[in-house]
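>>> For reference, the sequence and a predicted model appear below.
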Number of protein chains: 2
Amino acid sequence: MKKKIAFRSTCPISTMLDITGDKWSLLIVRDLAFKGKNTYGDFLKAGEGIATNVLADKLTQLEIGGIVTKERHPQSKAKVLYRLTKKGIDLIPALVEIILWSEKYHHVHEQAVSFAWQVRRDKIGMTKMLMDGAKKIEL
Amino acid sequence: MKKKIAFRSTCPISTMLDITGDKWSLLIVRDLAFKGKNTYGDFLKAGEGIATNVLADKLTQLEIGGIVTKERHPQSKAKVLYRLTKKGIDLIPALVEIILWSEKYHHVHEQAVSFAWQVRRDKIGMTKMLMDGAKKIEL
């Protein structure tokens, strides 16, 4: 039986944190949304160095939370292909605001920031392009 | 000596998560930004039931991260008054997108959502009003 998320309250901020409130989940969403990564091995190789058991936990949580889905990998039976659902794609506006906040106060990758401004200006067009896999950036 | 945040990478999403990436920190920011709460006791009473040691940890982390500051409480020597810094206030656009995302996919408080739409339409004016303490909503 598929587990469910235990929501702590009906506060919309708390609700989101019940699914993605940790140091890793939004990095997996980032890798799927912006970097063209979609396998377990891809996520493991992300620069922040996620541990394999943590990655497995977070992927399960994101699946239960309706943010990612799993598919068979077309090139390999040994691999699983992860994709963002519509609900996962709809996290992009929040990610964009997070990127712009970090730019204002921290030393971060510039490419990610100019891209975030583009997305903020043309949210629908850019989100579509991202989902078509036409653009990969180094966040 | 004041501790520093250990940033895992220069990714702007990772950077923000290094400070606020947990289930509680953004709820403290919420309480300060939207609910007129500003003491340790206030935060403890939030509906999600934060434990006292977790609250202490998160407040320290938010202070190190430059998101909250501490002041003497004007009415009580035993209390400390917490305030959002400008950097903390600037998290509001990200919180607004989080609220609107949760509204789309979960059963959440309606009052918070209509308020989030207002903030998205008039970000500068609403942020100023919030910071003047003129508005408290039930998120």
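It's in. Numbering: from 1, shown residues only, chains lettered A, B, ... in the order given.

>>> drop to CA atoms for contacts and neighbour counts, all remaining ones
Noted.

>>> Tell me the residues of chain A that contact chain B?
Neighbours of chain B within chain A, by C-alpha under 8 Å from any C-alpha of the partner chain: A:8-18, A:21-24, A:26-27, A:30, A:47-48, A:87, A:90-91, A:93-95, A:97-103, A:105-109, A:112, A:139.

>>> Report the buried members of those.
Burial by neighbour count, 16 or more other C-alpha atoms under 10 Å in any protein chain shown: within these this picks out A:9-18, A:21-24, A:26-27, A:30, A:48, A:87, A:90-91, A:93-95, A:97-103, A:108-109, A:112, A:139.

>>> What confidence value was assigned to the residue nearest the centre of chain A?
Nearest to the mean C-alpha position of chain A, by C-alpha atoms, centre = their mean, lies residue A:29 at 0.6 Å. Listed pLDDT for residue A:29 reads 97.

>>> Reduced to three states, what does it come out as?
Secondary structure for residue A:29, judged by DSSP: H, G, I helix; E, B strand; the rest coil, is helix.

>>> That one touches residue A:85, doesn't it?
No - between residue A:29 and residue A:85 there is no contact under C-alpha atoms under 8 Å: 10.4 Å.

>>> tell me what the least confident helix or strand in chain A by mean pLDDT is packed against?
Sorting the helices and strands of chain A by mean pLDDT, DSSP states H and E puts helix A:123-131 at the bottom, at a mean of 70. Helices and strands touching helix A:123-131, by 3 or more C-alpha pairs under 8 Å, 6 or more residues apart in numbering or on different chains; DSSP states H and E, are helix A:25-34, helix A:110-121.

>>> mind listing what's buried in the last one?
Looking back up the chat, that one is helix A:110-121. Using 16+ other C-alpha under 10 Å as the test for burial, helix A:110-121 gives A:112-113, A:115-116, A:119-120.

>>> what residues does the host helix or strand of residue A:100 touch?
Taking DSSP states H and E as the criterion, residue A:100 maps to helix A:92-105. For helix A:92-105, the external contacting residues (C-alpha atoms under 8 Å, 6 or more residues apart in numbering or on different chains) are A:33, A:108, A:112-113, A:116-117, A:119-120, A:123, A:127, B:12-13, B:15-16, B:87, B:90-91, B:93-95, B:97-98.

>>> Now with 6 Å, please.
The contact list for helix A:92-105, computed with C-alpha atoms under 6 Å, 6 or more residues apart in numbering or on different chains, reads A:116, B:12-13, B:94, B:97-98.

>>> okay, the angle between it and helix A:123-131?
Put simply, helix A:92-105 runs at 100 degrees to helix A:123-131, going by axes from the mean of the first three to the mean of the last three C-alpha atoms, to 10 degrees.

>>> distance between helix A:92-105 and the chain's centre?
Between the centre of helix A:92-105 and the centre of its chain there are 14 Å (C-alpha atoms, centre = their mean, to the nearest Å).

>>> Quick one: work out the angle between it and helix A:110-121.
In terms of direction (the same axes, to 10 degrees), helix A:92-105 departs from helix A:110-121 by 130 degrees.

>>> quick check: angle from helix A:92-105 to helix A:25-34?
Using the same axes, to 10 degrees: helix A:92-105 against helix A:25-34 is 110 degrees.

>>> what mean pLDDT would you report for helix A:92-105?
Averaged over helix A:92-105, pLDDT sits at 94.

>>> One more: stretch A:70-78?
Stretch A:70-78 shows a mean pLDDT of 88.

>>> what about stretch A:14-29, start to end distance?
With C-alpha to C-alpha, to the nearest Å as the measure, the ends of stretch A:14-29 fall 18 Å from one another.

>>> List of residues touching it?
Counting by C-alpha under 6 Å, 6+ apart, A:58, A:65, B:17, B:21-23 sit against stretch A:14-29.

>>> For these, name the two members farthest from one another.
The two members of these with the most space between them (C-alpha to C-alpha) are A:65 and B:17, at 19.0 Å.

>>> so what pLDDT did residue A:118 get?
Residue A:118 is assigned a predicted lDDT (pLDDT) of 80.

>>> repeat for residue A:3
We have a pLDDT of 81 for residue A:3.

>>> Repeat that for residue A:139.
pLDDT, residue A:139: 57.

>>> what do you get for residue A:32?
Looking at residue A:32, the pLDDT reads 94.
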